[in-house]
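S.K.: A structural model of the following input is requested.
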Amino acid sequence: MQNCPDLVTELLSVTKLSAETLVNVDGLGEIPLEFALLKHFEIARINQNLLQFVLDRSQSSELAHLLQPEHKDQLHQWLWGKQSVDLLQEYSIDLTASELLSLCKRLQPRLYSISSSPKATPQEVHLTVAAVRYTYKGKPRKGVASTFLADCPQNIEVPIFVQKSAHFRPPAKPDTPMIMVGPGTGIAPFRAFLQERQGRGDSGKNWLFFGEQHRSTDFYYQDQLKQWHEDGFLTRLDLAFSRDQPEKIYVQDQMRAQGAELWAWLEAGAHFYVCGDASRMAKDVDKALGDIVQTHGKLTPEESKAYLKKLAADKRYVRDVY
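M.R.: Have a look, this model is predicted:
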């Protein structure tokens, strides 16, 4: 993975730094600044050190106000859509190549769930990636890893880093029911789970909740999921396309609508999995699950919390959220 060359060029232009300037990078020795920015440093995301440096150099009263602890929400809103180059464009400050690199973190691996099983594609690893593209004040902005993967030429070597997940995997017993909640690109590991169970010949029932904005454009793996459902391998497929009707419908709404059946699956020993956005979706799904357990299990709030806690302790309620 590397940064977008156009972003590197824009950053060098804004900072008035030479691409050929030699900089010392730990573990690499002296390399040209352009190469360091392209391959080894996080240059898109604005971090706290950069904000403080720009404040110290610019003495901006606006930044001083935003960086006060009590204005955290206002700062978050002000930063929305901005990348480092936009901040440095807005506050024209002088800095050296070494100072610039000292303010940037090293480029880190991006973690994506594998969306295929070696039982289905032994020589391939599939990913489900939503490319992040938008404009800020008329200038194109991109996600780092997502657009690198989307735009890189074929047959290019891409470095990989594998992080094992100890408990986020299909049930070990072939007859165990499995409930999966994976809106958006959160579908990724569940496609792999289903391929794995199919390859193993598991007999356990499978239930998927999937959601996105529009059925016509965002129904990932539609043909495969529909075929699995028609074949009976995917026992239940509940969909929530939030923008296809006046009232928004999300996966947690579909869970509640099927609460009695979901409770019956849990009582039959089902494992419950969630993958996707941690900030809102996972919390909403957790609340919906708690409400279902309380309502259909006829439990008190305290008993419901204890039930979910035991599910998690038994590795029957597992989340992969980000």
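S.K.: if we look at stretch 29-48, which residues are touching it?
M.R.: 2-3, 5, 7-8, 11-12, 17-25, 28, 79, 82-85, 87, 97, 100-101, 103-108, 141-144 (CB atoms under 8 Å, 6 or more residues apart in numbering). All C-beta atoms are positioned from the backbone trio N, CA, C, and that covers glycine.
S.K.: run the last query once more with 6 Å
M.R.: 2-3, 8, 11, 19-25, 79, 83-84, 87, 97, 104-105, 107, 144 (CB atoms under 6 Å, 6 or more residues apart in numbering).
S.K.: Do you have the helices of the stretch 1-150 of the chain handy? List them.
M.R.: Along the stretch 1-150 of the chain, counting by DSSP state H, counting those that start in this stretch, helices occupy 5-15, 33-39, 48-58, 61-66, 72-79, 84-90, 97-102, 144-151.
S.K.: looking at these, which is buried most?
M.R.: Among the helices of the stretch 1-150 of the chain, helix 33-39 has the highest mean neighbour count (mean count of other CB atoms under 10 Å), at a mean of 21.
S.K.: Show the average pLDDT along it.
M.R.: The average pLDDT for helix 33-39 rounds to 96.
S.K.: With stretch 80-94 instead?
M.R.: On average, stretch 80-94 scores 95.
S.K.: Pull the distance from it to the chain's centre.
M.R.: 25 Å (CA atoms, centre = their mean, to the nearest Å).
S.K.: any idea how far residue 49 is from residue 43?
M.R.: 13 Å (CB to CB, to the nearest Å).
S.K.: okay, now residue 253: neighbour count?
M.R.: 18 (other CB atoms under 10 Å).
S.K.: Helix, strand, or coil at the closest residue to it other than its chain neighbours?
M.R.: Nearest residue to residue 253 in three dimensions, chain neighbours excluded: residue 240, at 6.3 Å (CB to CB, 6 or more residues apart in numbering). Per DSSP: H, G, I helix; E, B strand; the rest coil, the secondary structure class of residue 240 is strand.
S.K.: what sits against residue 240?
M.R.: 211, 249, 250, 251, 254.
S.K.: Am I right that the first one falls within a strand?
M.R.: Yes: the assignment for residue 211 (three-state DSSP) places it in a strand.
S.K.: how near is it to residue 250?
M.R.: From residue 211 to residue 250 the distance is 6 Å (CB to CB).
S.K.: what about the two, which has more around it?
M.R.: Taking other CB under 10 Å, residue 211 and residue 250 do not tie; residue 211 has more neighbours (25 against 19).
S.K.: from what I can see that one touches residue 251, true?
M.R.: Yes: look at residue 211 against residue 251 with CB atoms under 6 Å: they come within range, at 4.3 Å.
S.K.: overlap in contacts of those two?
M.R.: In contact with both residue 211 and residue 251: 183, 240, using CB under 6 Å, 6+ apart.
S.K.: What about the nearest residue to residue 132 once chain neighbours are set aside, how many residues nearby?
M.R.: Take residue 132 and drop its neighbours on the chain: the residue closest to it by CB to CB, 6+ apart is residue 143, 2.9 Å away. Residues lying near residue 143 (other CB under 10 Å) number 18.
S.K.: Tell me how far residue 143 lies from residue 101.
M.R.: 22 Å.
S.K.: now swap in residue 35 and tell me
M.R.: In terms of CB to CB, residue 35 sits 12 Å off from residue 101.
S.K.: Now the phi/psi pair for residue 122, please.
M.R.: phi -60, psi -30 (degrees, to the nearest 10).
S.K.: What about it, how many residues nearby?
M.R.: There are 8 residues near residue 122, going by other CB under 10 Å.
S.K.: go on, residue 119?
M.R.: 14.
S.K.: Contacts only, for it.
M.R.: Per CB under 6 Å, 6+ apart, neighbours of residue 119: 196, 199.
S.K.: switch the cut-off to 10 Å
M.R.: The contact partners of residue 119, taken as CB atoms under 10 Å, 6 or more residues apart in numbering, are 192, 195, 196, 197, 198, 199, 200, 201.
S.K.: So which of those is the closest to residue 236?
M.R.: residue 197 (14.4 Å; CB to CB).
S.K.: Show the model's pLDDT score for that closest one.
M.R.: At residue 197, pLDDT is 98.
S.K.: how close does it sit to residue 15?
M.R.: For residue 197, the distance to residue 15 - CB to CB - is 52 Å.
S.K.: Over to residue 216?
M.R.: Taking CB to CB, one finds residue 216 at 43 Å from residue 15.
S.K.: got the residue ranges for the strands in the stretch 151-300 of the chain?
M.R.: Using DSSP state E, counting those that start in this stretch, the strands of the stretch 151-300 of the chain run over residues 178-181, 206-212, 236-241, 271-276.
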